[in-house]
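Chemist: build me a model:
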Amino acid sequence: IKPAKTEYSLKTNNLNASVNSQGTLFSKNGSHEPGLIFPKDSATSLIDAANIVFFKKDSAGHFNAFPKTPEALTMTPGPIGTITNSELGYISKVSLTNILDHRSNYNLANYVVPENILAWPVHIQALQSLGAPFEDFNNNQIYDPQNGDYPLILGDEAIYWINHPEDSSYKFEFHGILYALNGPMNSLMNDVVFLRYKVINKTQQSQDSMKLGFFVNSAIGNPFDDYSASDSLNNIMYSFNGDNFDNTTGNIKGYGASSPALGIKFLSDTMDSFVNNPSNTANNDYWVNGLKGLDYRGKAILFPGSMDSTKYMFAGDPITNTGWTEQNSGYNPGNRSLLGSIPYFCMAPGDEKVIDLAIGIHSNQNNTGVAANNFFMLYTLNQMVAVYDSINYSSYDWGQNNLCQLSTSIKKTKHSQKFKLYPNPAQNEIFIQAEKPIQQIELFDIRGTLVLRKQIANKKRVQVSLKGNLSDGIYFVRVYTDGNIRNQKVVIQR
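Modeler: Numbers count the residues shown, from 1 in each chain. Predicted coordinates:
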């Protein structure tokens, strides 16, 4: 029997991103050989491993996390009910080019249907599993590509896979699609891959107070000199080099003076918490507490100085090193792992939960340093919201949030402070009004250059002059209020 193929890589834009249907993303063969490579044909990489992590509550009220070792291969390919060690990998990679070629040639006498189109993991009737979407060309409700049926994908190239936990006590089925776009009209797309996970409750009971997160073992070139941070207002967790030169260490190639910044943006849900540096431990409480936004002892994370509780570690601004950052907390750069979670949810039997993420980078080849890369990485990911909103997920079965009502009272933490900026577009001045006293305002141009900084004497309403050498164009305002940071675009148009 031919061994099942369980791993593919996307290479349609500037990134080389691998998936293994046995459980890990961005890690080749689950061996910690990096699987998110930039540039795509280089020897430099960004991530050692990544994975979905979640917990459910048992009948005794205890939270149980899975997987407890997210960097390991802990999933069985295929829907629940699949025989372990099946010759099927339940994963395939298809591009728009493959599909168009198949549609044009399937009825030719000597045409052979490509293996990736044959292997598209479609509906499996015997297991009552809805698989990867496809176009039923002849309307016979059977996937028969030899008669013109073809896969339906998102983006210009996509990998679709199905798996479920090896541990049979977790009866949840996972469908994933990793896809990328090659954007000649929008070069920012070329530094981003999109990930959609669909989780299906295959148990016979409602699952109350579930939580789901995304774990990333960041390894930007040399993995031992990185920092991490979070932008709770824009639902982004990110990692970057701890200095302006990423050294090679041993056989691990560094990026030198053009080290990228790496970010993960939560698109479908708010990022409810962020913690950094969870180690690869099998301790259940360790992962449960991390997903709740607590430290790994189960204690509240305290914001330095005010000692207020927060669910977001290092939510300051590492670009200007203000607020709570790793740098001004005295931490040395090192190996960093990131864990961000979404809010609690409930699943009745058969319910689906969908989570969408964008994983993006920025690397300035002009060697302008870490600050510029961080700024433009955040800018790139925020621009992907419009791309995400333009994708029609409602067509075919890409998954939907079909959830029951939470019965458990969950304490919610307010994690952002709103502010108003007007007028926008502006001519010679803007006014900023916040809920809490404003401490500082900064203005950046489109290249990420700081062009204005104003210290504020704790006022809730501030007038900012735009007179001087500021030309017309797009700028970004950054407002600091008592440990919170908010960014907003403003246009100067005279």
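Chemist: list of residues touching the worst-scoring helix or strand of the chain on mean pLDDT?
Modeler: Least confident helix or strand, the chain: strand 33-34 with a mean of 72, by mean pLDDT, DSSP states H and E. When contacts are defined by Cβ atoms under 8 Å, 6 or more residues apart in numbering, strand 33-34 is touched by residues Phe26, Ser27, Lys28, Ser45, Leu46, Ile47, Asp48, Ala219. Where you see a C-beta, it was placed from the backbone N, CA and C, and this is true even at glycine.
Chemist: and the first one, what does it touch?
Modeler: With contact set as Cβ under 8 Å, 6+ apart, Phe26 has these partners: Ala17, Ser18, Val19, Pro34, Gly35, Leu36, Leu46, Ile47, Asp48, Ala49, Ala50, Val216.
Chemist: neighbours of the fourth one, how many?
Modeler: The one in question is Pro34. By other Cβ atoms under 10 Å, the residues close to Pro34 number 23.
Chemist: likewise the fifth one?
Modeler: If you count neighbours by other Cβ under 10 Å, Gly35 ends up with 26.
Chemist: show the model's pLDDT score for the residue nearest to it when sequence neighbours are not counted.
Modeler: The spatial neighbour of Gly35 that comes closest, neighbours along the chain excluded (Cβ to Cβ, 6 or more residues apart in numbering), is Ser18 at 3.5 Å. Looking at Ser18, its pLDDT is 92.
Chemist: and if you look at Gly131?
Modeler: For Gly131, the predicted pLDDT is 80.
Chemist: equivalent analysis for Ala72, please.
Modeler: pLDDT recorded at Ala72 is 83.
Chemist: helix or strand for it, just tell me which one.
Modeler: Using DSSP states H and E, Ala72 maps to neither a helix nor a strand.
Chemist: how close does the residue sitting furthest away from the middle of the chain get to Ile117?
Modeler: Note on the chain: the largest C-alpha distance from the chain mean falls to Ala109, namely 44.3 Å (Cα atoms, centre = their mean). Ala109 sits 18 Å away from Ile117, going by Cβ to Cβ, to the nearest Å.
Chemist: which of the contacts of strand 33-34 fall within strands?
Modeler: Of these, the ones assigned to strands by DSSP state E are Ser27, Lys28, Ser45, Leu46, Ile47, Asp48.
Chemist: show me which pair in those is furthest apart.
Modeler: With distances taken as Cβ to Cβ, the most widely separated pair in the ones in strands among the contacts of strand 33-34 is Lys28 and Leu46, at 13.4 Å.
Chemist: compare those two (neighbour count), which wins?
Modeler: Applying other Cβ under 10 Å to Lys28 and Leu46 shows that Leu46 carries more neighbours, namely 28 against 18.
Chemist: can you give me the helices in this structure?
Modeler: For the chain, the helices defined by DSSP state H cover 96-105, 115-118, 284-292, 370-390.
Chemist: so which elements touch the shortest one?
Modeler: If I follow you right, that is helix 115-118. strand 91-95, helix 96-105 (3 or more Cβ pairs under 8 Å, 6 or more residues apart in numbering; DSSP states H and E).
Chemist: run the angle between the shortest one and helix 96-105 for me.
Modeler: Yep, that's strand 91-95 we're talking about. Angle of strand 91-95 versus helix 96-105, following axes from the mean of the first three to the mean of the last three Cα atoms, to 10 degrees, is 80 degrees.
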